[in-house]
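Q: any chance you can model this:
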Amino acid sequence: MLTVSTKSLAITSFLLASSLLSSRVLAEDTPPLEQAAPWFSLQNNLDLPDWIQFSLQTQAEPMLNPSGGTKQTRNWIQQTVGSIAIGFGLKKETKLWSEIDHWRLDTSVNFYNGNPNFNSEIGAYIPLQQVAHGSGFWLTQATISRSSGDGLLGIKGGILSINPDFIYSPIYDYYIHSSLNNTLNLSINDMPVNPLAAIGGVVELKPGRDLSMRYGLFDLGSTKPIATSLGVNPQANVGGDGLVQLLQVSYSPQWLAPAKPGSQLPPGTLQLGGYSTNNDQDGSGINGSFNFSTGLALGLDHRFWIGSNYSFNSSNNTTPTFISAGFLSQGILTSRPFDVLILGFGRSGFSPTIAAGQSYEGVIELGYQFQLNPTLNLQPAVQWIINPGGAANTTGIFATTLQITLNL
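A: Down below sits the predicted model:
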């Protein structure tokens, strides 16, 4: 039998407490506000010129539900995104740009592998994983664009998704559940939400440094041909016909989130927008989001946020109402200033015409992102699915995951 004396235990406890206290004092006196160097960078190792940027990101989301739902099981799904950008202004400060530096070409291809149907297998309607898409290669972007830079006008055209230009905020990227990540749970199959893409264009006006307005026009009839162009077999109801127009106004004054040294959280922003289609199926809708920081001492920096999406026509939108809110805190542990504590809530209301007898499905997500360095992030998270399937006949689901993100 192993025995430990009271005296030895006390000494050990004292040394441990002293070590933790000294590390805390050091962290407060000299906060390590520069991240560790990446382990590996394709951009640097391929010795590419400044006018070419190449990136490769792999994101895996293994998940299991220890309790609740129709059964207990596990799942693995993974996304890999390869992107190439070409432009003479890629590594120049915008204040030094000439006209040629405003222009760039972008191409992106996504590859998914794994089981995208984990949610339906355990009784949930909305995917618990943001990378739950059909296996295979998806062409997600092939565009030419002119960035507004410090000027007034920006334009983009080609094959593209409505996000990240519309119904999107970078703050959503911190979440794993698909309703919290991406486009405020807009679930109209015709809409080219990434990885779906369509032929379209975007015009951006920036009348002020803090104010911008975007208008987009997309051909819905091109969505399915583009999705199948690299061999993917999407759902039969993907894509449609006609055009969709989107309008969004964004306001990002510094007082919504005053700049703090070392902060990597998105700027404070108020967004208001809407969409409208010229067919009878998709109708129109409005959306908005707002994120801000307060004077509270919550880590190195923090954000509260809310977001909502409402569709006036629910005949082709499974979840015409959606409301969400959340909180992020970077550096809540002084010894780890680049980690982020993540909390979010979402509630999706079902269409009475498409999903008769289904009321709503909700989610609460709690996670913590370990930013080891620019190459590797680990994000353990737990989710509680409220009223899975929306019909009040399935017990709440408790799910756990570890998102693994590798940036090369």
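Q: from here on, contacts and neighbour counts on C-alpha atoms
A: Fine.
Q: how about the helices in the stretch 51-200 of the chain?
A: 118-121 (DSSP state H, counting those that start in this stretch).
Q: quick one: low-confidence parts of the stretch 251-400 of the chain?
A: 280, 314 (pLDDT under 70).
Q: which residues does Asp210 contact?
A: Ser250, Tyr251, Ser252, Pro253 (C-alpha atoms under 8 Å, 6 or more residues apart in numbering).
Q: can you flag the buried ones in those residues?
A: Ser250, Tyr251, Ser252 (16 or more other C-alpha atoms under 10 Å).
Q: switch those residues over to JSON lines; also include secondary structure.
A: As requested, the buried ones among the contacts of Asp210 are exported to JSON lines (DSSP: H, G, I helix; E, B strand; the rest coil):
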{"residue": "Ser250", "secondary structure": "strand"}
{"residue": "Tyr251", "secondary structure": "strand"}
{"residue": "Ser252", "secondary structure": "coil"}
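Q: Gly221 falls within a helix, correct?
A: Yes: the assignment for Gly221 by three-state DSSP puts it in a helix.
Q: right, and it touches Gly242 too?
A: Yes: using C-alpha atoms under 8 Å, Gly221 is in contact with Gly242, at 6.4 Å.
Q: strands of the stretch 101-250 of the chain, residue ranges please.
A: Assigned by DSSP state E, counting those that start in this stretch, the strands in the stretch 101-250 of the chain fall at 103-114, 136-146, 153-160, 198-208, 211-219, 243-251.
Q: for Val363, which of these is the nearest?
A: strand 103-114 (22.7 Å; C-alpha to C-alpha).
Q: give me the mean pLDDT for that closest one.
A: In this model, strand 103-114 has an average pLDDT of 97.
Q: and if you look at stretch 44-58?
A: For stretch 44-58, the mean pLDDT works out to 90.
Q: now render the strands of the stretch 101-250 of the chain as a markdown table, adding distance to Tyr174.
A: Formatted as a markdown table, those follow (distance: least, C-alpha to C-alpha, whole Å):
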| stretch | distance to Tyr174 |
| --- | --- |
| strand 103-114 | 19 |
| strand 136-146 | 21 |
| strand 153-160 | 22 |
| strand 198-208 | 26 |
| strand 211-219 | 24 |
| strand 243-251 | 20 |
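Q: quick one: closest of the ones you listed to Leu372.
A: Minimum separation from Leu372 across these (C-alpha to C-alpha) falls at strand 103-114, 24.4 Å.
Q: next one: that closest one to chain centre, how far?
A: Mean-position distance between strand 103-114 and its chain equals 16 Å (C-alpha atoms, centre = their mean, to the nearest Å).
Q: cool, and stretch 391-402?
A: The answer for stretch 391-402 is 22 Å, by C-alpha atoms, centre = their mean.
Q: alpha carbons of it, as CSV, please.
A: The C-alpha trace of stretch 391-402 is given here as CSV (Å, rounded to 0.1, in the frame of the first residue of the first chain):
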residue,chain,number,x,y,z
ALA,A,391,-41.5,16.6,-32.1
ALA,A,392,-41.0,16.2,-28.3
ASN,A,393,-40.6,12.4,-28.6
THR,A,394,-36.8,12.1,-28.3
THR,A,395,-34.8,12.7,-25.1
GLY,A,396,-32.3,15.5,-25.0
ILE,A,397,-28.9,14.7,-26.5
PHE,A,398,-25.6,15.2,-24.7
ALA,A,399,-22.7,15.1,-27.3
THR,A,400,-19.0,15.6,-27.0
THR,A,401,-16.4,16.4,-29.6
LEU,A,402,-12.8,17.4,-30.2
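Q: which residues are contacting that stretch?
A: Under C-alpha under 8 Å, 6+ apart, the answer for stretch 391-402 is 61-70, 123, 357-360, 378-388.
Q: in that stretch, what's buried?
A: Across stretch 391-402, burial judged by 16+ other C-alpha under 10 Å covers Thr394, Thr395, Gly396, Ile397, Phe398, Ala399, Thr400, Thr401, Leu402.
Q: farthest pair in those?
A: Spatial extent of the buried residues of stretch 391-402 (C-alpha to C-alpha) is set by the pair Thr394 and Leu402 at 24.6 Å.
Q: hmm, back to that, farthest pair within the contacts of Asp210?
A: Checking the contacts of Asp210 with C-alpha to C-alpha, the most distant pair is Ser250 and Pro253, at 9.8 Å.
Q: quick one: the strands in the stretch 251-400 of the chain?
A: 269-277, 284-292, 301-311, 321-330, 340-349, 360-371, 376-386, 397-407.
Q: sorry, back to before: quick one: buried ones out of the contacts of stretch 391-402?
A: The buried subset of these (16+ other C-alpha under 10 Å) comprises 61-65, 68-70, 123, 358-360, 378-388.
Q: distance of Gln141 from Ile226?
A: Applying C-alpha to C-alpha, to the nearest Å, the value for Gln141 to Ile226 is 10 Å.
Q: find the residues that touch each one of these two.
A: Ala197.
Q: more neighbours, the two?
A: Taking other C-alpha atoms under 10 Å, Gln141 and Ile226 do not tie; Gln141 has more neighbours (26 against 22).
Q: can you list residues touching both of Ser250 and Pro253?
A: Asp210, Thr269.
Q: follow-up on the earlier one: out of the strands of the stretch 251-400 of the chain, nearest to Pro38?
A: Across the strands of the stretch 251-400 of the chain, closest to Pro38 is strand 376-386 (C-alpha to C-alpha), at 8.1 Å.
Q: neighbouring strands for the closest one, and are they parallel or not?
A: strand 360-371 (antiparallel), strand 397-407 (antiparallel) (DSSP bridges).
Q: so which of these is nearest Leu152?
A: Comparing the strands paired with strand 376-386 against Leu152 with C-alpha to C-alpha, the closest turns out to be strand 397-407 (32.6 Å).
Q: returning to that earlier point: and of the strands of the stretch 101-250 of the chain, who's closest to Ile188?
A: Comparing the strands of the stretch 101-250 of the chain by C-alpha to C-alpha, strand 243-251 comes nearest, at 11.6 Å.
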